[in-house]
Every structure is written in C-alpha cells, then in structure tokens.
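Enquirer: here is a sequence with its predicted model. Questions after.
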Amino acid sequence: MDKTTIRVGGVPEHFNLPWHLAIENGDFEKEGLEIIWTDFYGGTGAMTKALREKETDVAVVLTEGIVAAIIKGDPAKIIGQYVRSSLVWGIHTAAQSKFQDASELKGQRYAISRFGSGSHIMTFVDAINRGWNPAEQQFVKVGNLDGARKAMVAGEADALLWEKFTTKPYVDSGELRRIGISITPWPCFVMAVNEDFLKEKREAIQKMLLVIYKCCRQFMEMPDAIEMVAERYGLQKEDAEEWFKQTKWSTNTLMSKAVLNNVVDTLLDVKVIEEKKKPKHLCDKDIVKFEKRIYNFRDQSEISTFFDKEVYACLEKLQVHSPARWGILTPQHMLEHLMSYLFLSTGEQVMEKVIKDKDKQAEAKSIILNDKLLPKRVRIPGMEPKQLMPLKFADIEQSKNMLKDVLIYTLNHLEQHPEQVIAHPFGGEMSVNEWRIFHYKHFVHHFRQFDLL
C-alpha cells in the first residue's frame, strides 16, 4: 500500500509526547501514513511561517498564534483542538535581575522568539490583564528558548514568558527565576494545516486526526505516563505529575465558537490583529464541528474569565432594541435586574423570600448551583406578573456603565469578605463562592435571553 507522507511540526515539549508515541508504535503507518515530525525550537512564529511557505504540512500550534496568522492572511485552516486545557506561562527573569515580582515589569524588555509568537502575544495579554498599556512593552527577538536564556543571562532582556514546566529545569538550576505566572484564557494548542495540502490530501488528514485523537485518549489513561514525561523531558517527577494532572488532550474535532471568539476579541484588544474573523473562517468547515457551549458554572477560573473579559463584550453587543428570546424584560430592565442581585449579594439590598420552607430552599439551592442553565421563566421577587418595574437610569448606556461599576464593586466585596453569608430569595443562605456561581449563571441566563452568548 502506498503511503501518504505528512510533515508535522510542533514544539519540542512534553505536550507532543502522544505524537511521538504514535509514530514510534507504528499507529500512523497502519493507516497508510508516514508522519515526518519536525521540532520547531522557534515556537509558534516559526511554525506559522513554515506552514505559510509550505515547509511543513501540519502544525501543532498555539491557538492564539495560528488565529492571528490566519486573520492576517496565512493560507491555513484549523482542523481541530489538540490540548483543551489552558497553558500556564511562567514569567521569568535572570537569577541576578533586580526585578522581584511580575508587577515590576511594566515597560521592560521582553525576550520573544519572534513577532507573532506565543511569547510575544502573551506579553501583550499579560500587560492588558495588569492594566498596563501593552504598547509600552519592549521586545528583544531571540529566536528560541536557548536564545532567550542567553539574552537574559547577558542582561540584554529583562523578562521572558515561556511555558512554566519547560523552563522549570532552568529555574531549579538557578539560571532563571520565576516571578509570576500568566494563564492563557483559552485551550492552548490546536492543529492547523496548509490549505493547499488539505485540498490535495483531505482523506489522509482525516485519518491522521483519527489516529492522534485515539493516541491522546490512550495517553491520558497510561499508568506510566508521568514517569515517561519526567524521563524524556528532564522534569522532576513531582513537576511532571503536576503538569499531567492539569493537562487535558482533545479526543475529537469538536471546537467551541465562544472560545475562538474570545481569542479573536483578545487579539484585537491587544492590537495583534486589526480585524475580526468568525470561527467558520478560521476552521475547515468539513472537519471541525462546533459544539454548543458547555458551561462549568462551578469552575472558579471559568467564572473569573467570564467576568474579566466576556461580560464586557456582551454588553457592547446589547442595544436598546435588542429582542428578547423569552420573558418581558427589556434590555435596560435586564441590566438593572442583574444589578439588584449584585447588590443583594453584598448585603446592601434586601429582597423578599420567595421560598421560606428550609427543605424547599435546599432543593432550590441545588438547582441554582448545578451546571445546568437556569429555567427560562422564573418569578422575579417584587415584580408583579407581566408588569415591569420602573427604570432607575435615564437610558441603557447609563445602565450599562452602572452595571460595570457595580460588578467590579461586588466582586471586590466578595473577595474581601470570604466568610460572609447572605440569603438568596430562592435558595436561602449562600456563601461567597456560592454567590459567585449564582452571578455567573444568572448573567449567562440573561445574556442568552438577548442572544449575547
């Protein structure tokens, strides 16, 4: 049987061990595929360049890097998620550096593998998250991790963002010092293919995906995976165990539109791209299947990401005449309704109890805090059926601005009063974490009501 050769590139890091195991075990060969693997020490920027110039056919690449490259015109398409957990970036300095904390790095010189790389993009993202102007950051192009290490030790660069566990041996040796972390607010690795190659070898690409997804599934269940990672990549066993526990691989071509939209919005915010593209233009429509969004309402990191970023994008979409999919609330009434529950959780507003029986409160509380969406129609305390309450603000823009202020105030209040317990009109007494879950679920409920999510 004739074999189809596919040139695949990825970073020389532990994430790609499933590929190497599949190659070593002959899993691709059994399907008539010859996979030629290349390690790209220059990271995402080097891989997007190789895809563009047809020096490689497929790249296992950082999500944000390939999304930026495609929007800028690169002839590539995403064909599936590879790693569905976030990437933890270590923020490093040289051991002798004067900087002791990542908060001191505003406007400093960052080592990046190349412009458009993950180390470049995440420097912008981290700056935005810290409230800095990302344009103030300076960059030193170093090619790869070895180049970054040399630049740091020589005093030619002040800081470096790189995957935390890849740099851990250099932190352990005392060459580098980790002074902070930054977490990618989306799944970290996808697979992308050159468009011309995909047109010519679509069937082979689909076979390749079946093999690697099967191998990822097996790798996550391997009893000796941690020992293998530690041995092959020079990690301490406890570091390999921590990394393995927090890393999840994809096992199918399902992707989330919401995730890709978040990536695009962030890249636009930090001025890495100048225009938006919809997920359907980033992915191959016949291979990638878009899943309905699945909410993990109790996931604290997901809650933080939603309130730090996504809520503001939703508010931008909301207009005074945005139609509701259910209920009688107008857009402005919805905003002021959300506001009232935020104040309720701080103890600065009181609502009548809708449910007074303790057992029924417990039942309602379990519904409020589970991972299912809230029912579409629920009685609002203090509001007569089919009758709207008077508006408090002059127009929707005032309500939007006030909601933003109240949201920030409430989240800070909850963080500063971790022992606080406040009654909910349906679920009875709720802790700070329970209120955070409720607010996330409540915002999602009403944003879906107006097709904002």
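Expert: Yep, that arrived. Numbers count the residues shown, from 1 in each chain.

Enquirer: from now on I want contacts and neighbour counts done on CA atoms only, so please keep to that.
Expert: Will do.

Enquirer: pLDDT below threshold where in the stretch 1-150 of the chain?
Expert: Where the stretch 1-150 of the chain drops to pLDDT under 70, the residues are 1.

Enquirer: quick one: the strands in it, in order.
Expert: With strands called from DSSP state E, counting those that start in this stretch, the stretch 1-150 of the chain shows them at 4-10, 33-39, 58-62, 76-83, 88-94, 109-112, 138-141.

Enquirer: the second one versus strand 58-62: what angle between them?
Expert: Angle of strand 33-39 versus strand 58-62, following axes from the mean of the first three to the mean of the last three C-alpha atoms, to 10 degrees, is 40 degrees.

Enquirer: could you pull out the buried residues of strand 33-39?
Expert: 33-35, 37 (16 or more other C-alpha atoms under 10 Å).

Enquirer: re earlier: which one of the strands of the stretch 1-150 of the chain lies nearest to Lys248?
Expert: Lys248 lies closest, by C-alpha to C-alpha, to one member of those: strand 76-83, at 5.9 Å.

Enquirer: check which helices and strands that closest one sits against.
Expert: helix 63-71, strand 189-194, strand 254-256 (3 or more C-alpha pairs under 8 Å, 6 or more residues apart in numbering; DSSP states H and E).

Enquirer: centre of the chain versus it, how much separation?
Expert: Distance of strand 76-83 from the chain centroid (C-alpha atoms, centre = their mean, to the nearest Å) equals 15 Å.

Enquirer: what comes into contact with it?
Expert: With C-alpha atoms under 8 Å, 6 or more residues apart in numbering as the test, strand 76-83 has contacts from 15, 51-52, 60, 66, 70, 187-195, 247-255, 282-284, 287-288.

Enquirer: pull out the buried residues from that strand.
Expert: Buried-residue list, strand 76-83, by 16+ other C-alpha under 10 Å: 76-83.

Enquirer: three-state assignment of the residue most central in space within the chain?
Expert: For the chain, the residue nearest the mean C-alpha position is Trp186 (1.4 Å; C-alpha atoms, centre = their mean). Following DSSP: H, G, I helix; E, B strand; the rest coil, the label given to Trp186 is coil.

Enquirer: any idea how far Leu235 is from the nearest residue to it once chain neighbours are set aside?
Expert: Residue nearest to Trp186 in three dimensions, not counting chain neighbours: Ser86, with 5.6 Å by C-alpha to C-alpha, 6 or more residues apart in numbering. From Ser86 over to Leu235 the distance is 20 Å, taken as C-alpha to C-alpha, to the nearest Å.

Enquirer: Val190: how many residues sit nearby?
Expert: The local packing of Val190 (other C-alpha atoms under 10 Å) involves 23 other residues.

Enquirer: give me the beta-bridge partners of it?
Expert: Beta-bridge pairing for Val190 (DSSP bridges): Val61, Gln81.

Enquirer: show me the contacts for it.
Expert: Val190 is in contact with 60-63, 78-83, counting by C-alpha under 8 Å, 6+ apart.

Enquirer: and for Ile23?
Expert: Residues counted as contacts of Ile23 (C-alpha under 8 Å, 6+ apart) are 29, 35.

Enquirer: before we move on, what about Leu329?
Expert: By C-alpha under 8 Å, 6+ apart, the residues touching Leu329 are Leu388.

Enquirer: give me the element it is part of.
Expert: For Leu329, there is no helix or strand it lies in under DSSP states H and E.

Enquirer: what distance do you get for it to Arg217?
Expert: In this view, Leu329 and Arg217 are 45 Å apart by C-alpha to C-alpha.

Enquirer: how about Lys358?
Expert: According to C-alpha to C-alpha, Lys358 stands 44 Å off from Arg217.

Enquirer: so for these two, which residue has more residues nearby?
Expert: Shown here are Lys358 and Arg217; by other C-alpha under 10 Å, Arg217 has more neighbours (16 against 11).

Enquirer: looking at the helices and strands packed on strand 76-83, spot the one closest to Lys372.
Expert: Smallest distance to Lys372 across these (C-alpha to C-alpha): 17.8 Å, for strand 254-256.

Enquirer: direction included, what does the closest one pair up with?
Expert: Counting by DSSP bridges, the strands paired with strand 254-256 are strand 289-291 (parallel).

Enquirer: residues making contact with the strand it pairs with?
Expert: 253-257.

Enquirer: now that strand: buried residues?
Expert: Within strand 289-291, the residues that count as buried by 16+ other C-alpha under 10 Å are 289-290.

Enquirer: check which element follows it along the chain.
Expert: Downstream of strand 289-291, the first helix or strand assigned by DSSP H and E is helix 300-305.

Enquirer: so how far is that following helix from its chain's centroid?
Expert: Taking C-alpha atoms, centre = their mean, one finds the center of helix 300-305 at 10 Å from the center of the full chain.

Enquirer: and what of stretch 232-249?
Expert: A distance of 20 Å separates the centroid of the chain from that of stretch 232-249, by C-alpha atoms, centre = their mean.
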